[in-house]
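Engineer: Here you go, sequence then predicted model.
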Amino acid sequence: MRALFTYFFACTLLASTTLSSASAQEVKPPEGFVALFNGKSFEGWHGRSTLDPRKWAETSADKKQAWDKEIQEHWKIEGDTLVNDGHGAYLTTNEEFGDIELLIDYKTVPLADSGIYLRGTPQVQIWDYTEKEKFKLGADKGSGGLWNNSAGSPGKDPLVLADKPFGQWNSFRIVQVGSRTSVWLNGQMVVDHAIMENYFDRKLPLFAKGVIQLQTHGNEISWRNVFVRKLGSEEANKFLAEKSGSERFKQLFDGKSLAGWTGALENYEVVDGSIQCKTGHGGVLRTEDMYQDFVARVEFKLPPGGNNGLAIRYPGQGDAAYAGMCELQVLDTEHPKYGKLDPRQAHGSAYGMAAATRGYVRPTGEWNYQVVTVKGSTIQVELNGSVILNTDLSKISEYMANSPHPGKDRTEGYFGFAGHSDPVQFRNVSIKKL
């Protein structure tokens, strides 16, 4: 932390040397937003190039200073506008952001090639849509796509060409929840709730937080009205739920009673519109119907150290983690008491078999939004907009503590909650057969 504050102080010094060719302009963000560019200086920004965010801490002070020098050499402020000559380091926020709504205007010229890095990752693309030499790269499709996504993946190419002619200002609206990214360019949706891939390690989801960067290369680009709004967990969950749609989903919980559920009924209760495991009790609360392939959606809230699980293709008796296809962990993984956790016990993991990526559970006391997709022997877990598990259980032959999982090849079973004595809460539970 000391290095971070030291660097922030250095960036403040950089702000005092800002080059300005016009008087400072007052920047007024829309209600609920804050201005990342204050219209006066580079306060709150530093220089950085394309860099794996995990390597920032080990980057030398000399390298960081060199990037800051490039900001001074290649960036200037003209009134309420940031102008770059097409060269040098990228203007990078000091602050890291998670779920956000970002508004930003840009104006560019022929042969410019730019973009907006989110969570330190390339990028929402900006380029010259008339440059024929880059048509093979997709320039003719226009700006706004997640260009560094894998070929053919959703979001890589914009849905429509929405760029304005050179000399006119373009306006982006970007909403990012987890890895899920939606982009509007000049009022037209060009990316619809696509997953932004982790450019630095495609086996991992996009980082949970990261800097915003204004990329520059090729030719002059100008930026203004750079506003951001952080999304709270309730709004983020609502956005994810709305984008996932409701077609063919069956509500499993009415918010009032345990009607439609069976199993360990005496160990669960309805509290504040949610299903809650009673403290000191456990067992599997399960659906009355069996399911083969399905998509399940659920919101959950953990108390400190909370432990529960989602029973997948549960046979109706026995330990869900072993007798069923699996138990997907619902766990406050980062609690100190779980310091020696096996990776296959972390939240979202197929217990004892396949480890989920850590670091995407919201703080205890906040609601999380999770989507589980079960097809054949495969399971995918998307938590708060980021895929943290994508595995094929039929290919797993090594188990935690060498404990066999005789139920992992089951093709049908109940869906439910595998309580472990903690008051974990669940709400907005729905399922769709595939």
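Structural biologist: Looks like it arrived, so ask away.
Engineer: Let me know whether residue 195 touches residue 180 as I believe.
Structural biologist: Yes - the criterion here is CB atoms under 8 Å, and residue 195 meets it with residue 180 at 6.2 Å. For the C-beta atoms, the positions are set from N, CA and C on the backbone; glycine is no exception.
Engineer: of the two, who's got more company?
Structural biologist: More crowded of residue 195 and residue 180, by other CB atoms under 10 Å: residue 180, with 26 against 20.
Engineer: Any idea how far stretch 295-305 is from the middle of the chain?
Structural biologist: Stretch 295-305 sits 17 Å away from the centroid of its parent chain (CA atoms, centre = their mean, to the nearest Å).
Engineer: is it fair to say residue 140 lies in a helix?
Structural biologist: Yes - counting by DSSP: H, G, I helix; E, B strand; the rest coil, residue 140 is located in a helix.
Engineer: what about the residue nearest to it when sequence neighbours are not counted, neighbour count?
Structural biologist: Closest residue to residue 140 apart from its sequence neighbours, by CB to CB, 6 or more residues apart in numbering: residue 129 at 6.1 Å. Neighbour count for residue 129, taken as other CB under 10 Å: 19.
Engineer: ditto for residue 160
Structural biologist: 13.
Engineer: how about it, what does it touch?
Structural biologist: Counting by CB atoms under 8 Å, 6 or more residues apart in numbering, residue 160 makes contact with 142, 188-190.
Engineer: gap between residue 265 and residue 285?
Structural biologist: Distance, residue 265 to residue 285, using CB to CB, to the nearest Å: 7 Å.
Engineer: what's the overlap in contacts for those two?
Structural biologist: residue 258.
Engineer: Pick out whichever of the two has more residues nearby.
Structural biologist: For residue 265 versus residue 285, the count of surrounding residues by other CB under 10 Å is larger for residue 285: 24 against 12.
Engineer: Next one, pLDDT for that one please.
Structural biologist: Residue 285 is assigned 98 on the pLDDT scale.
Engineer: Name whatever forms a beta bridge with it.
Structural biologist: Assessed by DSSP bridges, residue 285 has beta-bridge partners residue 263, residue 417.
Engineer: what residues are up against it?
Structural biologist: Neighbour list for residue 285: 258, 261-265, 267-268, 275, 277, 416-417, 419 [criterion: CB under 8 Å, 6+ apart].
Engineer: which element follows the worst-scoring helix or strand of the chain on mean pLDDT toward the C-terminus?
Structural biologist: Among the helices and strands of the chain, helix 2-15 carries the lowest confidence by mean pLDDT, DSSP states H and E, at a mean of 40. Next helix or strand after helix 2-15 toward the C-terminus (DSSP states H and E): strand 34-35.
Engineer: about what we covered before: tell me which entries of the contacts of residue 160 lie within strands.
Structural biologist: Counted as lying in strands by DSSP state E, out of the contacts of residue 160, are 188-190.
Engineer: Just the buried subset of the residues you listed, written out for PyMOL, thanks.
Structural biologist: Buried residues among these (16 or more other CB atoms under 10 Å), as a PyMOL selection:
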select buried, resi 189+190
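Engineer: could the ones in strands among the contacts of residue 160 be laid out in a markdown table, adding distance to residue 235 and pLDDT?
Structural biologist: Below are the ones in strands among the contacts of residue 160 laid out as a markdown table (distance: CB to CB, whole Å; pLDDT from 0 to 100):
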| residue | distance to residue 235 | pLDDT |
| --- | --- | --- |
| 188 | 23 | 98 |
| 189 | 19 | 98 |
| 190 | 22 | 98 |
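Engineer: related to what we said a few turns ago, which of the contacts of residue 285 tops the neighbour count?
Structural biologist: Of the contacts of residue 285, with other CB under 10 Å as the count, residue 417 tops at 31 neighbours.
Engineer: Who are the contact partners of it?
Structural biologist: Per CB under 8 Å, 6+ apart, neighbours of residue 417: 268, 275, 277, 284-286, 308-311, 330, 424, 426.
Engineer: swap in residue 69?
Structural biologist: By CB under 8 Å, 6+ apart, the contact set of residue 69 is residue 47.
Engineer: how about it, secondary structure?
Structural biologist: helix.
Engineer: Could you do the one 4 residues further on as well?
Structural biologist: For residue 73, the secondary structure call by three-state DSSP comes out as helix.
Engineer: quick one: pLDDT of the closest residue to it other than its chain neighbours?
Structural biologist: Of all residues not flanking residue 73 in the chain, residue 88 sits nearest, at 6.1 Å (CB to CB, 6+ apart). Note on residue 88: pLDDT of 95.
Engineer: residue boundaries of the helices in the protein?
Structural biologist: Assigned by DSSP state H, the helices in the chain fall at 2-15, 61-74, 233-244, 320-323.
Engineer: how far away is the closest residue to residue 50 other than its chain neighbours from residue 132?
Structural biologist: Among residues not flanking residue 50 along the chain, residue 122 sits closest, at 6.4 Å (CB to CB, 6+ apart). According to CB to CB, residue 122 stands 23 Å off from residue 132.
Engineer: So those two - more neighbours on which side?
Structural biologist: The neighbour comparison of residue 122 against residue 132 (other CB under 10 Å) goes to residue 122, with 21 against 9.
Engineer: Touching, the more buried one and residue 217? I think so.
Structural biologist: No - Residue 122 lies out of contact with residue 217 (CB under 8 Å); the separation is 11.5 Å.
Engineer: So the closest residue to residue 103 other than its chain neighbours versus residue 411, what's the distance?
Structural biologist: Excluding its sequence neighbours, the residue lying closest to residue 103 (CB to CB, 6+ apart) is residue 227, at 4.4 Å. Applying CB to CB, the value for residue 227 to residue 411 is 50 Å.
Engineer: okay, these two: which has more neighbours?
Structural biologist: residue 227 (20 against 10).
Engineer: Contacts only, for the more buried one.
Structural biologist: Residues counted as contacts of residue 227 (CB under 8 Å, 6+ apart) are 29-30, 33-36, 102-104.
Engineer: Count the neighbours of residue 151 for me.
Structural biologist: A count of nearby residues for residue 151, using other CB under 10 Å, gives 7.
Engineer: That should have said residue 380, apologies.
Structural biologist: 15.
Engineer: is residue 369 in a bridge, and if so with what?
Structural biologist: Counting by DSSP bridges, residue 369 forms beta bridges with residue 299.
Engineer: What residues are recorded as beta-bridge partners of the nearest residue to residue 34 once chain neighbours are set aside?
Structural biologist: Nearest residue to residue 34 in three dimensions, chain neighbours excluded: residue 228, at 6.1 Å (CB to CB, 6+ apart). Under DSSP bridges, the beta-bridge partners of residue 228 are residue 34, residue 102.
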